[in-house]
Structure formats: C-alpha cells, structure tokens
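**Student:** Sequence plus predicted model, see below.
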Amino acid sequence: MRKIVAVHSLESRDITLIEEAAPGWTFIDGSDRLAAQEHLQDAEIILGWNKLVGELAVSDTSKLKWLQNWGAGVDRLPLERFRQLGISLTCASGVHPYPISETIFAMLLGFTRHLHTAIRNQSAGNWAHSGMMAEAHGRTIGILGVGAIGSETARLAKAFNMTVLGVRRSGRPEQWVDTMYDIAGLNEMLSNCDYVVNCLPYTHETEHLMGEEQFAAMKTTAFYINIGRGKTTDTGALIEALQSGGIAGAGLDVFEQEPLPPDHPLWRMDNVIMTPHNAGNTTFYTERVIEIFIQNLKKFVQGYAPDVSAVDLNSEY
Ligand code: OXD
C-alpha cells in the first residue's frame, strides 16, 4: 500500500482532489498525532512538517521520497538529511506574494501616514496631531531578496511611482525593479532607500546580513521592514539603530526569537510596528498549498520529479 500522509487537517474536497490525482494510493489523515505516528514511517509522500515527521519519516528506515512543506521557509527542516536520503522537497512559495506584500505596504503606509501613532492616541482617547507626514509617492524602496514576494512588492511600489531597487544573489534584473544589485552592492543600495524591505530566507549566507554596518548605511529617515526571517537581522544592531535615530522605524513580522519574550525591548518602542509572524496568513492559504501539491502529485505518481516550488537543497531555499 503506497501512502500519502497529510499532517494538516484538510477539508473533504481537498482529500477528494488528492485521491483523484493519485489513484491507487492511500490517503491518511495524520492531523491527529496518534494517527500520524502509525503511518509516518512508511509514507512515501508527506504533506506538512512537524517534529514527529522529523523523528519518524526522515530516517534511514523510513520510505519518504517527497515532502511538500506547508510553509515557504524551510529553515527549520534538516536539509542535510534530505540531501543524504535523496528526499525531494517542495514548499509553499507562491502562496504568499499577495498577503505578505499587502502587509509590507500596510507597514510602509502606516509609518508614512503615522497610523501607528494615531492608533496609540486613539487607545488613549487623545486627539493629537503628530507632526508633518511624508508621502510614499515618488520615494525609493529597496528590496532584499527579490523572489515571488519581492517581485509583487516591486509591482505594487510602481503604483506609487516609486523608484525600486533590489538585491539578489545573482544580480539578475527583474521586471518592476529599476536597478538590481548583487550582495556586494547591498550597502550602496541601502544608502539610497527611503524604505528597505527584507524578504530574505534564512540560510548560512543570509545570517545577520543586516547588521551594524548596514543600518549605518541607511538614511536616518528610512524605515526597515522585515517579513523574511528574523535571523537575517542582528537584533542588537537594529535596536541600537532605532534607539539612536540611525533609522526612523521598523516594521517587523519575524524575529530572531519567536515568540518574542514579554520583556523584549522591541515591545515598548514607539517607532516599531510588530505582527506575530503572521504576514503570510490568508483565508486562501490551504487552497493555494493544495493547488501546488496537486500539480506536484500528478507529476510524482507518473514518475516525474515534483518541481512546482521545488527547494534547492544546496541554496537552502
Ligand atoms: C512561511 C512563513 O515560511 O509564512 O511560510 O513564514
């Protein structure tokens, strides 16, 4: 019996789609830990990731051939083991461009039009103007990591007539990005931006890519938005830049430590807007993951590699 185990709970219409795409295979609902435990070792395909999958399905004796991750980031998965065991890995990249770019613009516009201050004043019942407000129109945005989310952000930025700069490993140009830099050009790009948006995955190359030197390169009036991964940013250097006026503010969805501890200084900073790593949250999430999974599943059952949103185990994203 060839098994597909999903460790997320699915609607019956999604299960039907899976069963239709893989005739002869057995679908197991592994959203319940006990049910999953019994089947993970001999599942060839797994949809989703959790600690139990790591313990039971990624081992020398398990049968796993392909894992479809529920999220876009794969930094919590043991990628070296996947490589050693020859397990294919696909992710949910493609699910997030709309919700995350909307969160990016919510933060960007919130800072520009002082909504963070207005909301604090509203809670305090305080009718107060908060000084002159800037405009996003015609300003410069720099995007670190121009993948699916970064490109959508660049496209939206053009509606505000912004100059769009980007940094990507290859330095390859991209539609909607006026100037693309490679990593060596990072500090130069940062010095030109009114808004810096970090969309980077966490890999051994991106760890603390944004540190003291990078915040020092930014304009004192610029805002930093991180919706990529917390560990790409040196939090100490970020806090120092925020407290010393080195940068104007930060919109943060991701943190080096999650959940953020209650005594963390970021909670109490007026020039910070935070969301609890939920920028990718959308009512369309499951539907979009299932769409990617079904396309891959149809290929896999015919003997082809699942290649939609495939993870390059060497690049780690
Ligand atoms: C993801 C995320 O990895 O939302 O999917 O952070």
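**Tutor:** Happy to help now that I have it. Numbers count the residues shown, from 1 in each chain.
**Student:** C-alpha from now on. contacts and neighbour counts both.
**Tutor:** OK.
**Student:** so how far is residue 160 from the residue lying closest to residue 162 once chain neighbours are set aside?
**Tutor:** Leaving aside its chain neighbours, residue 162 sits nearest to residue 138 (4.5 Å; criterion: Cα to Cα, 6 or more residues apart in numbering). Noted for residue 138: a distance of 7 Å to residue 160, by Cα to Cα, to the nearest Å.
**Student:** What helix or strand is the residue nearest to residue 162 located in?
**Tutor:** Residue 138 is part of no helix or strand, with elements assigned from DSSP states H and E.
**Student:** How about the backbone phi and psi for residue 20?
**Tutor:** Backbone torsions of residue 20, given as degrees, to the nearest 10, read phi -70, psi -30.
**Student:** what residues does the stretch 151-300 of the chain put near the ligand?
**Tutor:** residue 280 (Cα under 6 Å from any ligand atom).
**Student:** Which stretches in the stretch 151-300 of the chain count as helices?
**Tutor:** Secondary structure of the stretch 151-300 of the chain by DSSP state H, counting those that start in this stretch: the helices cover 186-191, 212-217, 235-244, 285-301.
**Student:** got a list of what the residue nearest to residue 162 touches?
**Tutor:** For residue 138, the contacting residues are 160-163, by Cα atoms under 8 Å, 6 or more residues apart in numbering.
**Student:** filter those residues to the buried ones?
**Tutor:** Buried members of the contacts of residue 138, scored by 16 or more other Cα atoms under 10 Å, are 162-163.
**Student:** pLDDT for the contacts of residue 138 - can I get that in a markdown table?
**Tutor:** Formatted as a markdown table, the contacts of residue 138 follow (pLDDT from 0 to 100):
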| residue | pLDDT |
| --- | --- |
| 160 | 98 |
| 161 | 98 |
| 162 | 98 |
| 163 | 99 |
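**Student:** export the helices of the stretch 151-300 of the chain to a markdown table and tack on mean neighbour count?
**Tutor:** As requested, the helices of the stretch 151-300 of the chain are exported to a markdown table (neighbours: other Cα atoms under 10 Å):
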| stretch | mean neighbour count |
| --- | --- |
| helix 186-191 | 20 |
| helix 212-217 | 18 |
| helix 235-244 | 18 |
| helix 285-301 | 19 |
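**Student:** can I get those helices in a markdown table with distance to residue 275?
**Tutor:** Output for these, formatted as a markdown table (distance: least, Cα to Cα, whole Å):
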| stretch | distance to residue 275 |
| --- | --- |
| helix 186-191 | 24 |
| helix 212-217 | 21 |
| helix 235-244 | 16 |
| helix 285-301 | 18 |
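**Student:** Export those to TSV and append columns for mean pLDDT and distance to residue 74.
**Tutor:** Converted to TSV, those look like this (pLDDT from 0 to 100; distance: least, Cα to Cα, whole Å):
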stretch	mean pLDDT	distance to residue 74
helix 186-191	98	24
helix 212-217	98	25
helix 235-244	98	21
helix 285-301	98	15
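**Student:** So for residue 252, which of the ones you listed sits nearest?
**Tutor:** Closest approach to residue 252 among the helices of the stretch 151-300 of the chain (Cα to Cα): helix 235-244, 10.9 Å.
**Student:** As PDB, could you dump the C-alpha coordinates of that closest one?
**Tutor:** What follows is helix 235-244 as a C-alpha-only set of coordinates in PDB (Å, rounded to 0.1, in the frame of the first residue of the first chain):
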ATOM      1  CA  THR A 235      18.500  42.400  16.500                       C
ATOM      2  CA  GLY A 236      21.000  44.200  18.800                       C
ATOM      3  CA  ALA A 237      22.200  46.400  15.900                       C
ATOM      4  CA  LEU A 238      18.600  47.000  14.800                       C
ATOM      5  CA  ILE A 239      17.600  48.200  18.300                       C
ATOM      6  CA  GLU A 240      20.600  50.400  18.600                       C
ATOM      7  CA  ALA A 241      19.800  52.000  15.200                       C
ATOM      8  CA  LEU A 242      16.200  52.500  16.300                       C
ATOM      9  CA  GLN A 243      17.100  54.000  19.700                       C
ATOM     10  CA  SER A 244      19.900  56.200  18.400                       C
END
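**Student:** for it, packing partners?
**Tutor:** Other elements packing on helix 235-244 under the criterion 3 or more Cα pairs under 8 Å, 6 or more residues apart in numbering; DSSP states H and E are helix 212-217.
**Student:** contacting residues around the helix it packs on?
**Tutor:** Helix 212-217 is touched from outside by 186-188, 190-191, 234, 237-238, 241, 246-247, with contacts defined as Cα under 8 Å, 6+ apart.
**Student:** starting at the chain centroid, how far to it?
**Tutor:** Remark: helix 212-217 is offset 23 Å from the chain centroid, using Cα atoms, centre = their mean, to the nearest Å.
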